[in-house]
Every structure is written in C-alpha cells, then in structure tokens.
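mind looking at a prediction? Sequence and model below.
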Amino acid sequence: MSIRVKILQIISTVFLVLTSTVGFANAQAGVGLIADEISFDPKTQLLTATGNVRVLYNDQVLNSQTVIYNQSTGQLTLPQPFELVGADGTVIAGTSASLDQTATSALITGAQILINDQFQLAASDFERKDDRYKVMSNVVASTCYICASDDIPFWQIRSKRVIHDEQEKRIYFENPVLRLLGFPVLYLPYLSTPDPTVERASGVLIPTFRQSNLLGYRIGLPYYFALTDHSDATLTPTVSTKESFVLEGQYRQRYASGYLEFNGAVALADPLTTKNFRSFIEAEAEFNLPNDFQLDVELNLSADKDFKNDYGFSDEDRLENFISFERTRRTSYFSVGSSFTQSLRTNEVDQEIPLVLPEAYFRKNLYPVGVPGQITLEAQTATLFREDGSQIGRFGGGVHWKRSFNTETGLLFGLSTGVDANTYWLADNPAYAQSSYSEVLPTASIDVRYPLARVVGAATHVIEPIAQLVWSSDKLSTTPNEDSPQAEFEESNLFSTDR
C-alpha cells in the first residue's frame, strides 16, 4: 500500500470519528496532510506523522504534534494535545485520543469543546460508545468568558457524568450543580435537555440572573414545554439571596388568524411583606376576523401595588385593560370596545377610576365630486361607570372639512373647519345639578408651512417652520369632561385642534 493511500486513511479515520463525535459536516471532498515528517514501518504496520501535523478535510482542520495510525488494527492514536476546528467554528480539543477505524468508539482525555465562541464544555475524558452515545466525565459547562486574571466564571454547571444520546437527541446530566462565582447554589439529581441540533424541544433553558437592592442576587431556572407545534409554555422558579421564591409562568398559542399569550408570577416566599401570594397576570390576544375586523384583548392585573416594581417585572404605574373590535379600510374606521385601568399609584384610588362600557367610534372620509378637499364624518359614544354608582354617558358626532395646497414659492397652506356636537347624561353624580347637558363646538383653522431642505452627501436635512391660527367659541363649557381634564402637548397633537 502506498504512503499516499495510508495518508488518506489517516485523514478519513480522524474525521470519520471526530466529526461524528461533535457533529461536523462529513461530506466527501479533497483532503490534505502537512507534517514535518511522515514515516511507515512495514513490520509494525504503523504510519506516523510528527511535527506540526495539520490535517485538512473540507473546511475542517486538525492540529497536533503526532498522529499514529495502525493499519493492522485500524486504531488511530493522538498521543499529544490536539485541536479540531469545524466548519461552523466549533472547536474540540483534548490532551490525547484513541479512536477505532469504524468510529463506533473513541476515548478522548482532557476534552474541551467551544461552541459559537461562547458555550464551553470541559471534561476529564470523552468516550464514544456503541455508535450512539457520547459520555463525558467530570464536566464543567459555562457561557461566561474566563480571563487570565480570574479563572472562575460568573456561572457554571458541574456534572459528574454527561451522556449525549444521538438517536434520541437528548443530553443527560447526572448530579448537576449550578455554581455562582464558584459557590454552589442549586443541586439537582438529574437534568435532561435537547441537544443543539434540535430546534424546538422541552427542556431547561439558560438560567437568568438579576440583582436588586431589595432582593439581592436572584437566579431563575426556566423550563420550556413544547406542547404542540403551535403552542408552548415556560415555567421559571426564581430564588434570591434574601430568601424570596417566585414562580413565573408563560403560555403562548399561535392560530392561523392570530395569537394568544399569558404571563404571570406568584411569590411563594416573600421577605418584603407579610401579604400572602403576591402575584400578577397579563394576557394578550389578537385575531383577524371576517370582513376585515380585528379583535384585540389585553389584560393586566396585579394583586399588589408594589409587586411588579419590587421584583423588576415592570415599572408601569397604571395597568391598562381593554377589549376592542376594529375595522380599518381605505376611507373608514370603526371600533367598539370596553376598558378599565388599575392604578398602582399611591395617591389614586381604583374605585374612583371608571369602567368604560361601551365605547364606540366611527369615522368616514368622503371626496365628493365638485367639492375640493376632504369631508370627514364622525360619530362616537361612551359610558363610564364607577363603583360609587355614578354614571356618565356621552353621544356625539361631527362634520369636518379640510384642504391643503401649495404655492410656486414652496409655501404649504392648510385650511380646515368643522362642528362637533355632544350630549351628556348623568346618573347619581352630585357634582352636577342637571341630569343632561348638550354642547355645540365650531372650529376653524389655517396653517402655513415652509419646508427648507438641504442635501449633505446621502442625507437630506429638513427644517419646516409652521404657523397656525385657530378659532373656536370662547364660551366656557359646563359639560362633564372625562376625556381631557388637562391639555397634554406632544409631537403627535401639537397642531391638532382637538387634544
């Protein structure tokens, strides 16, 4: 047998075993071997490559100082440290290795694996059995970078034994221990996760870490449940150094016409208060219905004003809840729904915040022939209930016209006028003497814009001075105002006649 053929045997055997061990591509392609010296002993049937050995196969590279192949037994030996770099960037290294020709068994000592330049695995030995199992002993796994000045990662998982079942595509950890800054914080007798080739499967996710002055350091261990092809759930128990224990949960469901999602948490042990089972729940749903309608639902409730903020779930001080049916078309918009708000502010009382049931709005844009500009018709109604029994209802509508045009000098003009009418009725409301009120509000406005543009390279800078003049009745309104007790200026309504 020629020396070239034996070289090819070395290369094929090395990559047959190692690529099947770490999951690299194993397509047939050109091969190459570079070494300071290559020799073959006919008596012992040993082919030896020594000195800066580099084996090339596809886009994979094996580096070592010595490679020995026994032709009679088919045994491949790497007696010195080696490193194998895969086409996807995965790196596997070891202090030595012994591999058989069929790739059904292999033994690597001092094994180290680096995946995606982040996830690191280290083991005292790495063994392949029965053409199915990869067995690692005394394993350390972490995604943290280890620097020369501090060889202790922020977090790591240690396990006496790790088994990778290639047929089941599962990784099994025996007696895993989670360590933070080198200190053990969680012991488990058993742990199973899908291997990296599985896109979606039930199992433990990457731990979460948080820190706060109130609760100290917290660690969560999420467990993911792949329920069906279109639904899943995640359960996350979280403990802290201040002896808190919180159980978080999430459920998600996808449909052909929309989605549904639930999130929540409950404190089973809480050092911040004597209250039992502080919790919150959130729900969100969106569905496309026939005839261009859309259903939107949002639920956001907390059993305690401070729970979400204390545990870092949210810093919202008002929780919005609503259900609405909407339809948007090219020249019209319609919506009907209900809403209420839970306040987490200490100076607000939930009983004084109304339930809106129902609230409806309709808008239609018209472009009549012979009439320049756009005519808009609006109609709306809303009813507000409070726990003290008071009730306020409103029904109204409006007609508006607007037109815009520009001059040859670049000035942009906008004209608008309209009238709004509303009727209010009240029940059990001592703040008002009458049981009903009505108002009519005419408005007119003109605005002038003069956009100035300058092109600098690939960018265009625009400055647009705007002047606006608005007229409306100066009669002081005595009608109930539940919509806007104070004007709030922002970019979207700065030049609006209705804030």
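Now that the structure is in, tell me what you want to look at.

three-state assignment of Thr409?
coil (DSSP: H, G, I helix; E, B strand; the rest coil).

ok, now how distant is it from Val448?
12 Å (Cβ to Cβ, to the nearest Å). Where you see a C-beta, it was placed from the backbone N, CA and C, and this is true even at glycine.

got it, and His400?
From His400 to Val448 the distance is 20 Å (Cβ to Cβ).

quick one, helices of the stretch 101-250 of the chain?
Taking DSSP state H, counting those that start in this stretch, the stretch 101-250 of the chain contains no helices at all.

which residue ranges form the strands in it?
106-115, 119-129, 133-142, 155-165, 170-174, 177-180, 183-187, 190-194, 203-204, 208-212, 216-220, 223-228, 231-240, 245-255 (DSSP state E, counting those that start in this stretch).

same list, those, but as a markdown table with mean pLDDT and mean neighbour count please.
Formatted as a markdown table, these follow (pLDDT from 0 to 100; neighbours: other Cβ atoms under 10 Å):
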| stretch | mean pLDDT | mean neighbour count |
| --- | --- | --- |
| strand 106-115 | 74 | 19 |
| strand 119-129 | 79 | 18 |
| strand 133-142 | 85 | 19 |
| strand 155-165 | 87 | 18 |
| strand 170-174 | 87 | 19 |
| strand 177-180 | 85 | 17 |
| strand 183-187 | 85 | 11 |
| strand 190-194 | 80 | 15 |
| strand 203-204 | 80 | 18 |
| strand 208-212 | 87 | 13 |
| strand 216-220 | 90 | 17 |
| strand 223-228 | 92 | 14 |
| strand 231-240 | 95 | 17 |
| strand 245-255 | 96 | 16 |
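
mind putting those into TSV with distance to Ala433?
Converted to TSV, the strands of the stretch 101-250 of the chain look like this (distance: least, Cβ to Cβ, whole Å):
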stretch	distance to Ala433
strand 106-115	75
strand 119-129	72
strand 133-142	72
strand 155-165	67
strand 170-174	74
strand 177-180	67
strand 183-187	66
strand 190-194	70
strand 203-204	66
strand 208-212	52
strand 216-220	56
strand 223-228	59
strand 231-240	55
strand 245-255	51
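
closest one to Asn309 among these?
Of all the strands of the stretch 101-250 of the chain, strand 208-212 sits nearest to Asn309, with 10.3 Å by Cβ to Cβ.

tilt between the closest one and strand 155-165?
170 degrees (axes from the mean of the first three to the mean of the last three Cα atoms, to 10 degrees).

which other helices and strands does strand 208-212 contact?
strand 216-220 (3 or more Cβ pairs under 8 Å, 6 or more residues apart in numbering; DSSP states H and E).

chain center to the strand it packs on, what's the gap?
20 Å (Cα atoms, centre = their mean, to the nearest Å).

which elements pack onto it?
strand 177-180, strand 208-212, strand 231-240.

just the C-alpha atoms of it, please, in PDB.
These are the backbone C-alpha positions of strand 216-220, laid out as PDB (Å, rounded to 0.1, in the frame of the first residue of the first chain):
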ATOM      1  CA  GLY A 216     -30.000  40.800  46.400                       C
ATOM      2  CA  TYR A 217     -28.900  38.300  43.700                       C
ATOM      3  CA  ARG A 218     -31.600  36.300  42.000                       C
ATOM      4  CA  ILE A 219     -31.300  33.200  39.800                       C
ATOM      5  CA  GLY A 220     -34.100  31.700  37.700                       C
END
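
so what touches it?
Strand 216-220 is contacted from outside by 178, 180, 185-186, 207-212, 236-242, 244, 248, using Cβ atoms under 8 Å, 6 or more residues apart in numbering.

let's see that with 10 Å instead.
Identification of contacts with strand 216-220 by Cβ atoms under 10 Å, 6 or more residues apart in numbering yields 155, 178, 180-181, 185-186, 205-212, 236-244, 246-248, 271, 311-312.

circling back: for Pro372, find the nearest of the strands of the stretch 101-250 of the chain.
Here strand 245-255 is closest among the strands of the stretch 101-250 of the chain (Cβ to Cβ), at 45.9 Å.
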